[in-house]
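[1] coordinates for the following, if possible.
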Amino acid sequence: MAGDITTIARPYAEAAFARAQESGAIPAWSDALNLLGALAADPAMAAQINNPEIPRDLARDMLLDLGGETLPTEARNLVKLLAENKRLSVLPEIAKVFEELETRNKGIRQVHIRTAYALDAQLQKLLAKALKAKLNAEVELTVEKDTSLIGGIEIRADDLVIDGSVRGKLQRLASELQI
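    Numbering: from 1, shown residues only. Presented below is the predicted three-dimensional model:
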């Protein structure tokens, strides 16, 4: 499901980022989207947004009222568009993708690494150096231990996925054998 939400959120985030770049207002957009994303992620607000019995206009107005007058006009327009398209629930993901675009624009790539075992600092530095060369950008690593991988490593940088995990290899083998 997370992939589906990202697929829905990405065009909105990319359009907002392009507009923010054009107008030189990346920090203002970032602040607005972080606020709106946090509001939409709040369990009480999320329940209202996702309740089919609540009119979209009411959910939209609640978000805009909570956001206050500090929200830029274009961010307010985005909320209206999202409400019309029944997409208010993707605001947290739009904010996340916007931040990733902002980081990438600075020449930094976010890389998420999952391993079956903890990585020491030296190995993390080695991986960062290799990924910097492969991605041609500075990298920020997030390392997570995930024993369900059985062994090996999984690396994700935006749409790039390098799956060197034992679990991934077993899944590919099962697929080849059609089992």
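[2] what about residue 153, how many neighbours?
    Using other C-beta atoms under 10 Å, the number of residues around residue 153 comes to 21. All C-beta spots, glycine's among them, are computed from the backbone N, C-alpha and C.
[3] wouldn't it be in contact with residue 111 here?
    No - checked against C-beta atoms under 8 Å, the pair residue 153 and residue 111 is beyond contact range at 11.4 Å.
[4] kindly list the longest helix within this protein.
    helix 2-23 (DSSP state H).
[5] list the helices and strands that one packs on?
    Packing partners of helix 2-23 (3 or more C-beta pairs under 8 Å, 6 or more residues apart in numbering; DSSP states H and E): helix 26-41, helix 73-84, helix 91-105.
[6] can you pull the contacts of residue 85?
    Contacts for residue 85 (C-beta atoms under 8 Å, 6 or more residues apart in numbering) come out as none.
[7] how's the chain carved up into domains?
    For the chain, automatic domain parsing gives the domain ranges 2-103, 107-176.
[8] quickly compare those and say which is most buried.
    Of all these, domain 2-103 carries the top mean neighbour count, a mean of 17, counting by mean count of other C-beta atoms under 10 Å.
[9] pipe the helices and strands packed on helix 2-23 into JSON lines and attach distance to residue 140 and mean pLDDT per row.
    JSON lines is the format used below for the helices and strands packed on helix 2-23 (distance: least, C-beta to C-beta, whole Å; pLDDT from 0 to 100):
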{"stretch": "helix 26-41", "distance to residue 140": "17", "mean pLDDT": "95"}
{"stretch": "helix 73-84", "distance to residue 140": "26", "mean pLDDT": "95"}
{"stretch": "helix 91-105", "distance to residue 140": "7", "mean pLDDT": "93"}
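[10] so which of the ones you listed gets nearest residue 139?
    helix 91-105 (10.4 Å; C-beta to C-beta).
[11] what's the angle between the closest one and helix 73-84?
    Per axes from the mean of the first three to the mean of the last three C-alpha atoms, to 10 degrees, the angle that helix 91-105 makes with helix 73-84 is 130 degrees.
[12] only alpha carbons, please: show the next helix or strand after helix 91-105 as PDB.
    Downstream of helix 91-105, the first helix or strand assigned by DSSP states H and E is strand 108-115. Taking Å, rounded to 0.1, in the frame of the first residue of the first chain, the C-alpha atoms of strand 108-115 are listed here in PDB:
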ATOM      1  CA  ILE A 108      22.200  14.600  -1.500                       C
ATOM      2  CA  ARG A 109      20.500  11.200  -2.000                       C
ATOM      3  CA  GLN A 110      18.700   9.400   0.800                       C
ATOM      4  CA  VAL A 111      19.700   5.700   0.900                       C
ATOM      5  CA  HIS A 112      17.900   3.200   3.100                       C
ATOM      6  CA  ILE A 113      19.800   0.100   3.900                       C
ATOM      7  CA  ARG A 114      18.300  -3.000   5.500                       C
ATOM      8  CA  THR A 115      20.600  -5.800   6.800                       C
END
